[in-house]
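*Asks:* Just to be clear, the model below is a prediction. Sequence and coordinates:
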Amino acid sequence: MRRVPPWPAWLQQPPKAEPGRLLVVLTGAGISAESGLSTFRDSGGLWEKYSIYEVATPEAWQRNPQLVLDFYNARRAQLAEVQPNHAHLLLKELEKDYTVIVITQNVDDLHERAGSTYILHLHGELIKARSTADESLIYEIGYAPIRLGDKCEKGSQLRPHVVWFGEEVPAYPIAEAWARRADIFVVIGSSLQVYPAAGLVYEAEHARKFLIDPRPTLTHGVEVIAAPASEGTVRLVELLRS
Ligand code: APR
């Protein structure tokens, strides 16, 4: 297990965008749907199969850590079987014409594997584990399971490096600052149900806004592309180039 820093390296030297060329994307589970990963609130989604209160809260962890570990171990193992889809890859392509900041609610590593340069995870990352005694102790574990008895260097149990309901979202202020500066703000595959992440679309007050989603939940103040992520992002690229 390799120790990793709590913040992505690019935040030390943040990119300088050309005027009008700062494109900030907020992605949700929908962008990974075409890669085969379940969303949360669609029919058949994760929150239909599991109770948030049994697998995604600090109380759940206290009550039944094995069940919580099983839930995230299954999702982490599935990551090894899936690939980024065309939408992830197009966000990398857009870096040719824009400074693209990817702010994601997703805990998968598909944006990393698609090659995006500037990624900020609001809700943590499946491929990392964290000490339960010292939250600055974060370890890269790839797609391996976390087991009861796996300990950090201070001897305390490791947990998923994921933000549970009721926990702080430490990356939000950084995400908010980028949204406020965005020239273009794109939401891809989020039901915009969970705050503070959903509030970013309202922070992007200067931006031209797009929403790519087959079942859009927001229509005013955004240009809606009612399509799945891969097809919708192709249309976005065409709109930006026109
Ligand atoms: N392409 C694009 N969007 C899609 C696709 C697709 N192929 N399939 C579904 N969607 C859309 C749905 O219409 C929905 O609006 O993706 C969205 C998924 O919404 P949620 O399941 O609520 O996922 P998300 O918005 O990412 O949830 C936010 O809630 O459970 C917590 O922490 C978890 O990060 C998650 C947060």
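*Replies:* That came in fine, so what should we check first? Residues are numbered from 1 along each chain as shown.
*Asks:* so how far is residue 93 from residue 86?
*Replies:* Going from residue 86 to residue 93 by Cβ to Cβ, to the nearest Å gives 10 Å. (C-beta placed from N, C-alpha, C; glycine too.)
*Asks:* Please identify which of these two sits among more neighbours.
*Replies:* Neighbour count, other Cβ atoms under 10 Å: between residue 86 and residue 93, residue 86 has more, with 17 against 14.
*Asks:* who's in contact with that one?
*Replies:* Residue 86 makes contacts with 34, 229-230, 233-234, as judged by Cβ atoms under 8 Å, 6 or more residues apart in numbering.
*Asks:* before we move on, what about residue 57?
*Replies:* 164-166.
*Asks:* Quick check: longest strand in this protein by residues?
*Replies:* When every strand of the chain is counted residue by residue (DSSP state E), the longest turns out to be strand 124-131.
*Asks:* which phi and psi does residue 198 have?
*Replies:* When read as degrees, to the nearest 10, the backbone of residue 198 gives phi -60, psi -30.
*Asks:* I'd guessed it sits against residue 179; true?
*Replies:* No - with contact defined as Cβ atoms under 8 Å, residue 198 does not count as touching residue 179 (11.4 Å).
*Asks:* Settle it for me: which of those two has more neighbours?
*Replies:* Legend: neighbour count by other Cβ under 10 Å for residue 198 and residue 179, higher for residue 179 (23 against 18).
*Asks:* Can you check what pLDDT the model gives residue 242?
*Replies:* Turning to residue 242, the model gives it a pLDDT of 89.
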